[in-house]
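A.B. asks: following is a predicted model, sequence given first.
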Amino acid sequence: MDESKTVEPQKEDGRELATGQSRSLGISDKNAVRAAVIFLIAGSSFQVLVFGGVLTKRANVDGVFGLGLLGISLVSVLALGPYMIYQYRRKQRLEDALRQELSKERAMVEREQAALAKETRMRKRAELLQDILTHDMRNFIQISTLNAEMLKQNDLTETERARFADEILTNEGRSALLVDRAKQLGRILAVEAADLVPVRLVDSLSRSMETVSKSFASRKIEFSIDVDDGVRVLADDLLDEALTNVLSNAVAYTDGVAAQIRVSAGPDQLGDERYCKVSFTDHGKGMPDSLKQRAFTRYLESSHGSGLGLSIVYALVVERYSGKLAIKDRVPGDHTKGTVVEMWLRSAP
Amino acid sequence: MRGGSSQQLLVYAYGPGVDRAKRAQDHPSEPAVEAQRSARVAMQRKKIAIVDDEESIRKVYSIILKRLGYEIDFLAGDGDECVRNVLELNSLPDLIIMDYRMPAMDGLEASALLLRHNPELRIIIASADDSIQPRVESMGMIFLQKPFYSAALSAAVGKAFSR
């Protein structure tokens, strides 16, 4: 009947579907009530006519018969009401069951759509990551190949020879770092949800500074920390990776042997959420505005921009910890004087 | 970021045709090397611009090309910087060797702007991304896929100048 036609599962919009469903129930109810009323009127009229006829024409003979007919008609009218109520309730139960079934199906479709969207997003990211890694690795191979070729030349001075050898060694180090960080980023992206716990910021900073100092053993790094001991943020054990990558970046993009990095932290309110704003200030060669915008998301969104380290920072701080990141010039308007990386992490309650 | 293009650089040249047997021995002293290099005649005086966001690549291309006898017009770390050098600072390189993926403006975008300004400009796109090769060639440029040996660079430059 109408129900199977009007409650069509192909309607995707839930609200539209619900409206269509109630509309079909309304029509059915009206028909049922109308049929019941017509039946009652017709039945009662028939009984009145029959009973009236019996009383006027065959009062003496058929009085008992007429009363019998009246009784039967009263019983039938009394029975019709409960039947109609039963039918109405039965239909309601069916409709409720159908509505629940549709709701379940809709939830399942939504879950499947979300899973598909996530899978597509992850696949695109994996492809992009692979694409850019391949590109960067080929660039490293290019540097090593040409420098090795130069090293084979016979007419080099010792200084030139050392310079080519240094280029190859530096490049090998960068290649190894790229592979390590790619592995790290892949691991971070693969984890669906993180259990965030209160983490003491100074502890994570201390460990990160130690890691960076060891990585850049030939550099003279001066860290200046202005963070209260009691500051705790919502993070996990990977917070060290985020901080290490920001600090490494600051050292890597500072020319010369010495590198000065200042880290400060303080409370900040963004909307209803309480954050801890951590600022990393360096005196490096800075970042032009065109790079700042996409520096964090190169390996996640675009093939342009800065390195893999900042993409790891983004994946952790923004995507995993629901924080925020920004880059600005240390000296406003002059990007060549160094950079300030600002990181907002949710404060632990 | 303009590279040096003085006469001094040309003495490093020893391109195809130079008698390699006459090169210095394994560990010559620096004055001896200089003397040997000075004795060589510059084969080419064409000016080449190198555009790549990787400093090490700019450096090593520059060394190789100088040794091949070319002059380095300028070095740029981005397509945008290259376009500014040519269109605003009026640099006139005979050839541009350009990377594709660069931060602010990529190699194809920069090439399109430069070719609109000067359709005769020779450009080699040296990139690790071979998916752009058809587009590069359809624009009349030469595609060189990274990684390559210096002989391939030399051959591509020779091809560009023979056009």
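C.D. replies: Here it is on my side, so go on. Numbers count the residues shown, from 1 in each chain, chains lettered A, B, ... in the order given.
A.B. asks: which regions of the chain lie under the pLDDT threshold?
C.D. replies: No chain was given, so I picked chain A. Residue ranges of chain A with pLDDT under 70: A:1-36, A:39-40, A:42-67, A:69, A:128, A:192-193, A:293-294, A:297-308.
A.B. asks: nope, chain B please
C.D. replies: Along chain B, segments meeting pLDDT under 70 span B:1-44.
A.B. asks: which residues of it fall in helices?
C.D. replies: Along chain B, counting by DSSP state H, helices occupy B:7-10, B:30-39, B:55-67, B:79-83, B:107-117, B:133-138, B:150-162.
A.B. asks: which of the ones you listed has the highest mean neighbour count?
C.D. replies: helix B:79-83 (a mean of 24; mean count of other CB atoms under 10 Å in any protein chain shown). Every C-beta, even on glycine, is put in place using the N, C-alpha and C of the backbone.
A.B. asks: any chance you could list what contacts it?
C.D. replies: The contact list for helix B:79-83 (CB atoms under 8 Å, 6 or more residues apart in numbering or on different chains) reads A:290, B:1, B:49, B:51, B:74, B:76, B:96, B:98, B:102, B:104-107, B:109-111, B:113-114.
A.B. asks: could you give the angle of the longest helix belonging to chain A to helix B:55-67?
C.D. replies: The residue-count maximum for a helix in chain A (DSSP H) belongs to helix A:59-151. Per axes from the mean of the first three to the mean of the last three CA atoms, to 10 degrees, the angle that helix A:59-151 makes with helix B:55-67 is 40 degrees.
A.B. asks: can you tell me if helix A:59-151 touches chain B.
C.D. replies: Yes: against chain B, helix A:59-151 shows contacts by CB under 8 Å from any CB of the partner chain at A:131, A:134-136, A:138-139, A:141-143, A:145-147, A:149-150.
A.B. asks: could you list every helix and strand in contact with that helix?
C.D. replies: helix A:14-57, helix A:158-190, helix B:55-67, helix B:150-162 (3 or more CB pairs under 8 Å, 6 or more residues apart in numbering or on different chains; DSSP states H and E).
A.B. asks: ok so, going back, kindly give a single ChimeraX line that selects the buried subset of the residues of helix A:59-151 next to chain B.
C.D. replies: To isolate the buried members of these in ChimeraX, using 16 or more other CB atoms under 10 Å in any protein chain shown:
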select /A:131,135,136,138,139,141,142,143,145,146,147,149,150
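A.B. asks: now, the most widely separated pair of the residues of helix A:59-151 next to chain B?
C.D. replies: Greatest spacing in the residues of helix A:59-151 next to chain B, by CB to CB: A:Asp131 and A:Met150 (29.2 Å).
A.B. asks: so A:Gly266: helix, strand or coil?
C.D. replies: Of the three states, A:Gly266 takes strand according to DSSP: H, G, I helix; E, B strand; the rest coil.
A.B. asks: touching, it and A:Arg274? I think so.
C.D. replies: No: using CB atoms under 8 Å as the test, A:Gly266 is too far from A:Arg274 to be in contact (11.6 Å).
A.B. asks: please report phi then psi for the residue nearest to B:Ala112 when sequence neighbours are not counted.
C.D. replies: Among residues not flanking B:Ala112 along the chain, B:Met139 sits closest, at 7.1 Å (CB to CB, 6 or more residues apart in numbering or on different chains). For B:Met139, the backbone dihedrals (degrees, to the nearest 10) come out as phi -90, psi 10.
A.B. asks: ok, B:Met139 - how many residues close by?
C.D. replies: By the measure other CB atoms under 10 Å in any protein chain shown, the count of residues near B:Met139 is 15.
A.B. asks: and it, how close does it get to B:Asn118?
C.D. replies: Per CB to CB, to the nearest Å, B:Met139 is found 13 Å from B:Asn118.
A.B. asks: for A:Asp289, same thing?
C.D. replies: Applying CB to CB to A:Asp289 and B:Asn118 gives a distance of 28 Å.
A.B. asks: check A:Pro332 too.
C.D. replies: On the measure of CB to CB, A:Pro332 and B:Asn118 end up 38 Å apart.
A.B. asks: cool, and A:Lys337?
C.D. replies: For A:Lys337, the distance to B:Asn118 equals 36 Å [CB to CB].
A.B. asks: what's the answer for A:Glu222, then?
C.D. replies: From A:Glu222 across to B:Asn118, the span is 49 Å (CB to CB).
A.B. asks: now do A:Asp240
C.D. replies: Distance from A:Asp240 to B:Asn118, by CB to CB: 52 Å.
A.B. asks: the more surrounded of those two?
C.D. replies: Shown here are A:Asp240 and B:Asn118; by other CB under 10 Å, A:Asp240 has more neighbours (20 against 11).
A.B. asks: report the contact partners of the more buried one.
C.D. replies: A:Ser204, A:Arg207, A:Ser208, A:Thr211.
A.B. asks: tally of neighbours for the closest residue to A:Ile141 other than its chain neighbours?
C.D. replies: Of all residues not flanking A:Ile141 in the chain, B:Pro147 sits nearest, at 4.2 Å (CB to CB, 6+ apart). B:Pro147: 17 surrounding residues under other CB under 10 Å.
A.B. asks: for B:Pro147, give me phi and psi.
C.D. replies: phi -90, psi 150.
A.B. asks: what sits against whatever residue of the stretch 101-250 of chain A ends up closest to chain B?
C.D. replies: Nearest residue of the stretch 101-250 of chain A to chain B (CB to the nearest CB) works out as A:Arg138 at 3.5 Å. By CB under 8 Å, 6+ apart, the residues touching A:Arg138 are B:Ala128, B:Lys146, B:Pro147.
A.B. asks: look up how far B:Ile57 lies from it.
C.D. replies: Distance from A:Arg138 to B:Ile57, counting by CB to CB: 11 Å.
A.B. asks: again with B:Phe74
C.D. replies: 15 Å.
A.B. asks: and what of A:Arg262?
C.D. replies: The gap separating A:Arg262 from B:Ile57 is 33 Å, by CB to CB.
A.B. asks: equivalent analysis for A:Arg200, please.
C.D. replies: Distance, A:Arg200 to B:Ile57, using CB to CB: 43 Å.
A.B. asks: ok, now A:Leu177?
C.D. replies: Between A:Leu177 and B:Ile57 the computed distance is 17 Å (CB to CB).
A.B. asks: just give the closest residue to the residue of the stretch 151-300 of chain A found nearest chain B, not the sequence neighbours.
C.D. replies: Chain B sits closest to A:Ser290 of the stretch 151-300 of chain A, with a gap of 3.8 Å, by CB to the nearest CB. Excluding the flanking residues, the one nearest A:Ser290 by CB to CB, 6+ apart is B:Ala104, at 3.8 Å.
A.B. asks: who's in contact with that neighbour?
C.D. replies: Counting by CB under 8 Å, 6+ apart, B:Ala104 has contacts A:Pro288, A:Ser290, A:Leu291, A:His304, B:Asp78, B:Gly79, B:Asp80.
A.B. asks: try A:Arg330
C.D. replies: A:Arg330 is in contact with A:Thr281, A:Asp282, A:His283, A:Gly286, A:Lys337, A:Gly338, A:Thr339, A:Val340, counting by CB under 8 Å, 6+ apart.
A.B. asks: what parts of chain A come near chain B?
C.D. replies: Counting by CB under 8 Å from any CB, chain A comes close to chain B at A:131, A:134-136, A:138-139, A:141-143, A:145-147, A:149-150, A:153-159, A:167, A:170-171, A:288, A:290-291, A:303-306.
A.B. asks: going by distance to A:Asp228, which of the contacts of A:Asp240 wins?
C.D. replies: Compare each of the contacts of A:Asp240 with A:Asp228 using CB to CB and the shortest gap goes to A:Ser204, at 13.8 Å.
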